[in-house]
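Q: no sequence for this one, just the structure:
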DNA sequence: GAGTGGTCTAGACCACTGA
DNA sequence: CAGTGGTCTAGACCACTCG
């Protein structure tokens, strides 16, 4: 294994060789393999002993690297079976990114309706957020999510056009299940983490119509920037949530 | 060290002896000491070797227990110095519970003004949330937070009267810094984790006056239930945030 | 330099899964 | 039963802090 200093995503850019522990370097190597698609979402990755042999380190060091990856939800450990690449196409993981709950606890059936899907040159604010060049192509999607048949969420979504070639409203419409699941299986783009900015806003004409609320009614605005393995932004999403009978849940610790 | 199964907070109540690893048991013991005040917020706890000797386990096992406590923010590790009990009276930790950011990045000066503070018998919804008996005493606080002199947050707060004997509006008003810091130093009550429910609502007459916004203006409603070491609820808080120039930030991963 | 937490190793044993 | 991850130990060495 390399013993010279390796750069880490969290290392300061300042002076000094910036010591990086072995397990961090291993973690980086495994992450690269995940990013390169050596093991795909849902698949089994090599066992700890195998990886230890591959990288010429002890099993304990590999273990610590995988522990960190599991903490970040990049990977899921299953005792007796092995370690699997995390996937959005799993019942259990879905509500990690969809934090809306019904007041009565039951979330009920979720259905998604695509209102619009088009390709265009990125508006200034979108290209800035997605770190694209001005005028780069983006896919713009508008969709409504229904909970038990009632429209609750209106999403406007922008995706880098170069990463989502061939994405159309039809393909979106015919896909069952969460969008992020489709993105990872159909386009090889996996959303890893996201930052959200929440605000209360008044419903405009469009929102009023699509969410069936009065104009000016208070809506929860959720602006999300999603990133993939290397922290590159790959989705900008502006959501409007009707919180009459639902709430956005959050845990602080 | 005990070798028989020990109950953990996350153990299922189902059948079986429910195997609990040693480091979990150690973690529970350390948590009990924290709760009992053996080491107070901000103080140094015994070194890993000392604790290993005390509990008759290896240093590695103590290490894993402390790692878990550090992950939960109960404790802070400082290489070369030791491990410290986490405290809310620290610049660094303040924005763990206050997630409001200014649009321009700078949060600026935060000031707090107590509008009202009184003792009363808990209303039904409050006593239910705080798991009190109907009619138990609570302290009710109303306060406004100003960012750079502008009122942005209106909080209504309820605290179990038995835990906060002697809390008055005067004592609150004269205290500088975050409320949770005062709670831990003055009343020995430490907020560990909290669940929040976010909604968009319309400003009523009171909010409109105290936050200087139009009646009916959209406000972000944040209902928070805070818990202490043993997961007992110790605070219910209903906040109204003016998100004209601020947003509630959240990270998903 | 002594004391702290942080890393790395090697080996033993345990708990769980599935053929 | 073999193979996986999970726990626990003991010891060596490193990085950091402070007197």
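A: Right, received. Where do you want to start? Here the structure is a predicted model, which is why all the values come from computation and not from measurement. Residues are numbered from 1 along each chain as shown, chains lettered A, B, ... in the order given.
Q: all strands for chain A, in order.
A: Applying DSSP state E to chain A gives strands spanning A:44-45, A:75-78, A:82-85, A:100-102, A:110-121, A:137-147, A:150-160, A:193-202, A:218-227, A:233-241, A:246-252.
Q: tell me what the lengthiest helix in chain A is packed against?
A: Criterion DSSP state H: the longest helix present in chain A is helix A:22-36. Under the contact criterion of 3 or more Cβ pairs under 8 Å, 6 or more residues apart in numbering or on different chains; DSSP states H and E, the helices and strands touching helix A:22-36 comprise helix A:48-55, helix A:59-71. To be clear about C-beta, it is placed using only N, CA and C from the backbone, and glycine gets the same treatment.
Q: again, 10 Å this time
A: In this structure, helix A:22-36 packs against strand A:44-45, helix A:48-55, helix A:59-71, strand A:75-78, strand A:82-85, with contacts taken as 3 or more Cβ pairs under 10 Å, 6 or more residues apart in numbering or on different chains; DSSP states H and E.
Q: for residue B:111, find the nearest of those.
A: With Cβ to Cβ as the measure, helix A:59-71 is the member of those nearest residue B:111 (37.1 Å).
Q: tell me how far the closest one lies from the chain's centre.
A: Computed by Cα atoms, centre = their mean, to the nearest Å, the separation of helix A:59-71 from the middle of its chain amounts to 22 Å.
Q: what's it in contact with?
A: Contacts of helix A:59-71 with the rest of the structure, by Cβ atoms under 10 Å, 6 or more residues apart in numbering or on different chains, involve A:1, A:21-31, A:34, A:45-55, A:57-58, A:74-77, A:83, A:85-86, B:67, B:71, B:253.
Q: for it, buried residues please.
A: A:61, A:62, A:63, A:64, A:65, A:66, A:68, A:69 (16 or more other Cβ atoms under 10 Å in any protein chain shown).
Q: next one: stretch A:202-215
A: Counting neighbours by 16+ other Cβ under 10 Å, one finds that the buried residues in stretch A:202-215 are A:202, A:203, A:207, A:208, A:210, A:211, A:213.
Q: thought residue A:230 was touching residue A:189?
A: No. Counting by Cβ atoms under 10 Å, residue A:230 sits too far from residue A:189 to count as a contact (11.9 Å).
Q: more neighbours: which of the two?
A: Neighbours of residue A:230 and residue A:189, each counted by other Cβ atoms under 10 Å in any protein chain shown, are more numerous for residue A:189; the result is 20 against 10.
Q: next, the contact list for the more buried one, please.
A: Listed by Cβ under 10 Å, 6+ apart, the contact set of residue A:189 reads A:159-160, A:163-164, A:180, A:182-183, A:226, A:228-229, A:232, A:234-235.
Q: which of those residues count as buried?
A: In terms of neighbour count (16+ other Cβ under 10 Å), the buried residues within these are A:159, A:160, A:163, A:164, A:180, A:182, A:183, A:226, A:228, A:229, A:234, A:235.
Q: which one among those gets closest to DNA strand C?
A: Of all those, the one sitting nearest DNA strand C is residue A:229; the distance, using Cβ to the nearest atom of the strand, is 21.2 Å.
Q: how far away is the nearest residue to the closest one once chain neighbours are set aside from DNA strand D?
A: By the measure of Cβ to Cβ, 6 or more residues apart in numbering or on different chains, the closest residue to residue A:229 outside its immediate chain neighbours is residue A:35, 4.1 Å from it. Between residue A:35 and DNA strand D the distance, using Cβ to the nearest atom of the strand, to the nearest Å, works out to 19 Å.
Q: ditto for residue A:99
A: Taken as Cβ to the nearest atom of the strand, the spacing of residue A:99 relative to DNA strand D amounts to 26 Å.
Q: same thing with residue A:189?
A: 26 Å.
Q: can you check residue A:114 too?
A: When distance is defined by Cβ to the nearest atom of the strand, residue A:114 is 39 Å away from DNA strand D.
Q: same check on residue A:51?
A: On the measure of Cβ to the nearest atom of the strand, residue A:51 and DNA strand D end up 8 Å apart.
Q: surely residue A:191 and residue B:252 touch.
A: Yes. With contact taken as Cβ under 10 Å, residue A:191 and residue B:252 are classed as touching, separated by 8.9 Å.
Q: hey, what's in contact with both of those two?
A: Taking Cβ under 10 Å, 6+ apart as the contact criterion, the common neighbours of residue A:191 and residue B:252 are A:97, A:224, A:226.
Q: and the second one, what does it touch?
A: Under the criterion of Cβ under 10 Å, 6+ apart, the contact list for residue A:224 reads A:97, A:155, A:157, A:191, A:194-198, A:235-239, B:250, B:252.
Q: residue A:93 now?
A: By Cβ under 10 Å, 6+ apart, the residues touching residue A:93 are A:73, A:76, A:86, A:87, A:178, A:180, A:181.
Q: what separation is there between it and residue A:30?
A: Taking Cβ to Cβ, to the nearest Å as the criterion, residue A:93 is separated from residue A:30 by 19 Å.
Q: domain map for chain A?
A: Under automatic domain parsing, the residue ranges defining each domain of chain A are A:22-85, A:91-248.
Q: which residues of the stretch 151-253 of chain A score low on pLDDT?
A: Flagging of the stretch 151-253 of chain A using pLDDT under 70 yields an empty set of residue ranges.
Q: related to what we said a few turns ago, closest one of the buried ones among the contacts of residue A:189 to residue B:243?
A: Taking the buried ones among the contacts of residue A:189 together and measuring to residue B:243 by Cβ to Cβ, the closest member is residue A:226, at 21.5 Å.
Q: for that closest one, which residues make a bridge with it?
A: Beta-bridge partners for residue A:226, by DSSP bridges, are residue A:194, residue A:235.
Q: so what pairs up with residue A:111 in the strands?
A: When bridges are taken as DSSP bridges, the partners of residue A:111 come out as residue A:146.
Q: quick one: the residue nearest in space to the middle of chain A and residue B:141, what's the gap?
A: With distances taken as Cα atoms, centre = their mean, the residue of chain A nearest its centroid is residue A:191 (2.7 Å). From residue A:191 across to residue B:141, the span is 40 Å (Cβ to Cβ).
Q: so what's the closest residue to residue A:127 other than its chain neighbours up against?
A: Counting by Cβ to Cβ, 6+ apart, residue A:127 lies nearest to residue A:134, which is 5.5 Å off, once chain neighbours are set aside. By Cβ under 10 Å, 6+ apart, residue A:134 lies in contact with A:121, A:122, A:123, A:124, A:127, A:128.
Q: any idea how far the third one lies from residue B:122?
A: From residue A:123 over to residue B:122 the distance is 51 Å, taken as Cβ to Cβ.
Q: the more surrounded of these two?
A: Regarding residue A:123 and residue B:122, a neighbour count based on other Cβ under 10 Å identifies residue B:122 as having more, with 23 against 14.
Q: check contacts around that one.
A: Residue B:122 is in contact with B:128-130, B:132-140, B:158, B:160-161, B:236, counting by Cβ under 10 Å, 6+ apart.
Q: again, only using 6 Å
A: Each residue near residue B:122 by Cβ atoms under 6 Å, 6 or more residues apart in numbering or on different chains is listed here: B:132, B:136, B:138.
Q: farthest pair within the contacts of residue A:189?
A: A:182 and A:232 (19.2 Å).
Q: can you tell me the closest non-neighbouring residue to the closest residue to DNA strand C within the stretch 151-253 of chain A?
A: Ranked by Cβ to the nearest atom of the strand, the top residue of the stretch 151-253 of chain A for proximity to DNA strand C is residue A:253, at 19.1 Å. The shortest distance from residue A:253 to any residue that is not its chain neighbour, by Cβ to Cβ, 6+ apart, is 4.1 Å, and that residue is residue B:193.
Q: same deal with residue A:201?
A: Excluding its sequence neighbours, the residue lying closest to residue A:201 (Cβ to Cβ, 6+ apart) is residue A:221, at 4.5 Å.
Q: what of residue A:210?
A: residue A:154 (5.1 Å).
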